[in-house]
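Student: Provide a 3D model corresponding to the input given below.
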Amino acid sequence: MNSSPPLDAVYQAVFTLYHNPDPTEKEKASIWLGELQRSVYSWKVADEMLQQKRDLESCYFAAQTMRTKIQLSFHELPAEAHNSLRKSLMEHIGQVNDATNTVIVTQLCLALADLALQMSTWQKPVVDLIGEFGQVNVWPLLEILTVLPEEVNSWLLRLGANRRLEIMQELGSTAPTVTEFLKVCLSNGGENPHIHIRILRCFTSWVSIQAIALPDVAENIVVAHAFHILSNQQAVPGVHEAATDCVCALLQCLEDNNNQQALELQLFSGVMSLEEGFHLSVAHEDQEKSMNYCRIFTELAETFLEKIVSENSSNKPHFAVKILDLVLTCVGHHDYEVAEITFNLWYRLSEELYQKNNDMLTAMFKPYVERLIEALCRHCQMEPDHEGLLEDGDDFADFRLKVLELIKDVVFIVGSSNCFRQMFISLQGPGVTWDSSEAALFIMQAVAKNILPEENDVVPKVVEAILSLPENTHVAVRHTSVLLLGELCEWIERHPQSLEPILNFLLYCLQQPHQASAAAGSLQSICSACRNHMGVHFNGLVQIIQSLDTFSISNDAAIGLLKGVSVILGQMPPDQIQRAMKEICWFQINPLCQLVENDVKTERGTKLDPALWLDRLAAIFRHTKPHVENGAVHPCQSVITEMWPILSNACTKYQADGRVMERCCRCLRFAVRCVGKQSAHLLEPLVKQIVSIYQRHQHSCFLYLGSILVDEYATEPGCVQGLLDMLQAFLVPTFIILQEANGLKNHPDTVDDLFRLCARFLQRAPVPFLQCPALSSIIQCALLASTLDHRDANVSIMKFFYDLIHSGRNNQHQEDFEVRNTLVKGIVRDNGQALVNNLIHACVFCLHSYMLSEVADVIMELMLHDRVAVCQWLELAVKALPTQNSGGTITATHKQLTDFHCALTGAEGSKAVTHALRDFARLFR
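Tutor: Residues are numbered from 1 along each chain as shown. The predicted structure is shown next:
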């Protein structure tokens, strides 16, 4: 946008965005308004629209624009404009009244809060704001004071550690003023629930970042008010929730500062006194309040968890252990959503006990976990009148999956066998209903894999009961029983006499529509675990594969079955593998042939989708792993050779379809991996085809397939030049798309696969790669891409740099070492400064903290190559960084820069480099 648009044009665009029924016009208006927001003219436009207050939509757009500009584009304003912006925002907020839309107020308050945080010349913003609005505009003032602490740690503002420290000190010094203001608000607020909610939210916000010190909390009137609300059954739901948030925030702070004994006891007593409130909420069927109480009890338990575990003994348990009883009372609530709130606590308890590895200590918590599992089993029961199975994605089905994961984590506390036995006993009780039986079997499924394969007491009875289920058994019971058999696969492997009846049972279930997918999954598990016993059953399994599409199973289940059969196939004698593999491959390749040779429209996810057959074929290639003697012909070689023309034709036909091409490449990848170098005769036609298609359609999967070919063949001298030619052919179209506007950002998969391909060359054929003419362009591309904040792409880039530098000093015993060493020294000498500059810039301004460990590996490798040079390059890189931000704050002092330089260059390992980079990056974030 080259000039400021007329205000009427902006109003018209906003009107179109909200009211025009034509989606095309809406999209145009949205794009145009987005361009306006990104332009420098939007500051003035938003200010004028807020002054005119024409309508709700335009005011919201203006307020949101103002907030976004301050948050993301504060650097556009000269320092002398900061005061006028502050004055303008305070005027807009000063005109807020009860009729003003809350969304607009929130955006304006966020804008002013973000301005206060970034504007270092505004010395006492909190005091000024309370002085300005404390008597006349309490609502927006409470909102500003709430969002101000919340925004302190916003990564979008990039305040930097030094400014953040200044702000925290400022907030700490003004906390008494804020506390006094909240006290006045409470006394003047009457019964207005909105004011009470805002007061509680504001206090919670200040406590959460510990701006109000914990010792000052004990006597704070807002804390007493929160507990008073929680003790009052007549409390309005919104106020009750705000009080809950307040107490939970206090408990979280207490956990971080666990040396406040007086406050610990005060809060513990206060929370324990809420038990009656919980029981009343259950009696009144007020689930929202029940969930609030459960949150508080669980938070209290997490706060004390470390002490409960470490200070517990059989003689004298820690006083806070009784909170676990209260949490278990919540778990017993009739609604599973309440129980789910407590799950993180039990995960943490299991982790603490696992780390302690003390049997006596673990035994002390056994009764609690037994009660937990018993309650979870009840929660997992379906409704007695439920027909059929639970649908995937259903909330209750998702809850049951979370229960499975939780039980797997905590079951060691009670013992898997004990849990399994207890559930089996519950199945045999008098008057057991189908829903309670299914829930018990479901819990048994969670622990079945942990049962010792030698167990001969309970498991045989369970298996016998499943195999003897009557025809009229509820479909859900049968379904869970089938899944349980799959989980018992390791036990079945040790009891091969049970294999045949189980396979017959699963084959029967495979033919029942509601059981088929579960049966397929269990068959896969049993095939994989019992591969050494399955040879005699192989022909039967082949018949199942032949009839796959007559069963009501998902494609994932079909692929699972193929995986199981392929695992068994790999165990068979070589002379049998070829025939059997060819047979099961042709079941998949024939329908693919029909699609390729006929003009059939692709229907995704159906039998008219080539990807479906390619995925099945890939599963066979991937999981057939026969043992091949040295010098022997691979039994799968002729099969893959036979499949190649059809796969090649599929690549040609579907070359414009990225999804199908990805599946083709995946299938070819596993085919190559399956037979290794014995697919050498396919290398030339395969490379020619993927290079040819890539010139027209830049699917990144071809680069990935290229990296597999390099991995397999680049150690063969006769193949290296052809593979380098392949790389060269890939580079031209790749560089064209990466050099487009936002090319790197828009094509992260291409970046990822390109540098994975280059890294494979460095690992397999370093010297030819280091000597190839395209290397300079590849390095320049990698330097530009080093700031890309895409996890996988950045990992590949850093791995490329690491392998590039490392290839100059590894494998010193090999005869090409001197050549490699000389080549790498030249490359590092020419590109070292640029590399260090870009890596430091990326760490400070572009990459997430979790991505810095890969950068650290590169820097460490660079230092091992030439530490003295890195010291000089780093000094220049650090000097080039801005030392002041747009708000006028010093981002990094001379001492901090020097400390960083010393920490990095003195590091002896990647971990120390990572810590130094993270600490340094915080100065700018």
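Student: how's this structure carved up into domains?
Tutor: Here the domain parsing of the chain from the TED database is 1-39, 808-924.
Student: so for the chain, the centremost residue is which one?
Tutor: For the chain, the residue lying nearest the average C-alpha position, counting by CA atoms, centre = their mean, turns out to be residue 791 (11.5 Å).
Student: chain neighbours aside, what residue packs nearest to it?
Tutor: Counting by CB to CB, 6 or more residues apart in numbering, residue 791 lies nearest to residue 851, which is 6.3 Å off, once chain neighbours are set aside. (Glycine included, C-beta is placed from N, CA and C.)
Student: check contacts around that neighbour.
Tutor: Residue 851 makes contact with 789, 791, 794-795, according to CB atoms under 8 Å, 6 or more residues apart in numbering.
Student: is residue 422 within a helix or a strand, and which one?
Tutor: Assigned by DSSP states H and E, residue 422 belongs to helix 416-427.
Student: which other helices and strands contact that helix?
Tutor: Identification of packing neighbours for helix 416-427 by 3 or more CB pairs under 8 Å, 6 or more residues apart in numbering; DSSP states H and E yields helix 366-379, helix 434-447, helix 459-467.
Student: and the contacts of the shortest one?
Tutor: Where contact means CB under 8 Å, 6+ apart, the residues beyond helix 459-467 that reach it are 420, 424, 427, 444, 451, 481-482, 484-485, 488, 491, 495, 498, 501-502, 505.
Student: now restrict those to buried residues only.
Tutor: Listed as buried from the contacts of helix 459-467 are 420, 424, 427, 444, 451, 481-482, 484-485, 488, 491, 495, 498, 502, 505; burial here means 16 or more other CB atoms under 10 Å.
Student: list the buried residues for the helix holding residue 422?
Tutor: Residues of helix 416-427 classed as buried under the neighbour-count rule (16+ other CB under 10 Å) are 416-417, 419-424, 426-427.
Student: nearest to residue 180, out of the domains of the chain?
Tutor: For the domains of the chain, proximity to residue 180 was assessed by CB to CB; domain 808-924 is nearest, at 28.4 Å.
Student: can you pull the contacts of residue 514?
Tutor: Taking CB under 8 Å, 6+ apart as the definition of contact, the neighbours of residue 514 are 388-389, 475, 478-479, 552.
Student: about what we covered before: so which of the helices and strands packed on helix 416-427 gets nearest residue 638?
Tutor: Put simply, out of the helices and strands packed on helix 416-427 the one that sits nearest residue 638 is helix 459-467, at 41.1 Å, with distance taken as CB to CB.
Student: what is the mean pLDDT for that closest one?
Tutor: Mean per-residue pLDDT for helix 459-467: 95.
Student: so after that helix, what's the next helix or strand?
Tutor: Downstream of helix 459-467 (by DSSP H and E), the next one is helix 475-487.
Student: can you list the buried residues in the helix or strand that comes right after that following helix?
Tutor: Sequence-wise, the next helix or strand beyond helix 475-487 is helix 489-494, with elements assigned using DSSP H and E. With burial defined by 16+ other CB under 10 Å, the residues of helix 489-494 counted as buried are 489-493.
Student: do the same with stretch 207-219
Tutor: With burial defined by 16+ other CB under 10 Å, the residues of stretch 207-219 counted as buried are 207-212, 214, 217.
Student: ok, and what's touching that stretch?
Tutor: With CB under 8 Å, 6+ apart as the contact definition, stretch 207-219 has outside contacts at 149-150, 152-153, 168, 171-172, 175-176, 178-179, 203, 206, 220, 223, 246, 249-250, 252-254, 256-257, 260, 262-263, 266.
Student: among the buried residues of stretch 207-219, which pair sits farthest apart?
Tutor: 209 and 217 (13.5 Å).
Student: who's in contact with the host helix or strand of residue 144?
Tutor: In this structure, residue 144 sits in helix 138-151 according to DSSP H and E. Contacts of helix 138-151 with the rest of the structure, by CB under 8 Å, 6+ apart, involve 93, 96, 98, 105-106, 108-110, 112-114, 116-117, 125-126, 129-130, 133-134, 157, 171, 178, 181, 185, 188, 194-195, 198-199, 201-202, 205-206, 208-209, 211.
Student: average model confidence for that helix?
Tutor: Regarding helix 138-151, the rounded mean pLDDT is 96.
Student: in PDB, could you pull the C-alpha coordinates for it?
Tutor: Extracted in PDB, the C-alpha atoms of helix 138-151 (Å, rounded to 0.1, in the frame of the first residue of the first chain):
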ATOM      1  CA  VAL A 138     -13.000   1.300  37.100                       C
ATOM      2  CA  TRP A 139     -14.100  -1.400  34.500                       C
ATOM      3  CA  PRO A 140     -11.400  -0.600  31.800                       C
ATOM      4  CA  LEU A 141      -8.800   0.100  34.500                       C
ATOM      5  CA  LEU A 142      -9.400  -3.400  36.000                       C
ATOM      6  CA  GLU A 143      -9.000  -4.800  32.500                       C
ATOM      7  CA  ILE A 144      -5.700  -3.000  31.900                       C
ATOM      8  CA  LEU A 145      -4.400  -4.100  35.300                       C
ATOM      9  CA  THR A 146      -5.400  -7.700  34.400                       C
ATOM     10  CA  VAL A 147      -3.800  -7.900  31.000                       C
ATOM     11  CA  LEU A 148      -0.700  -5.900  31.900                       C
ATOM     12  CA  PRO A 149       1.000  -8.800  33.900                       C
ATOM     13  CA  GLU A 150      -0.400 -11.400  31.400                       C
ATOM     14  CA  GLU A 151       1.400  -9.600  28.600                       C
END
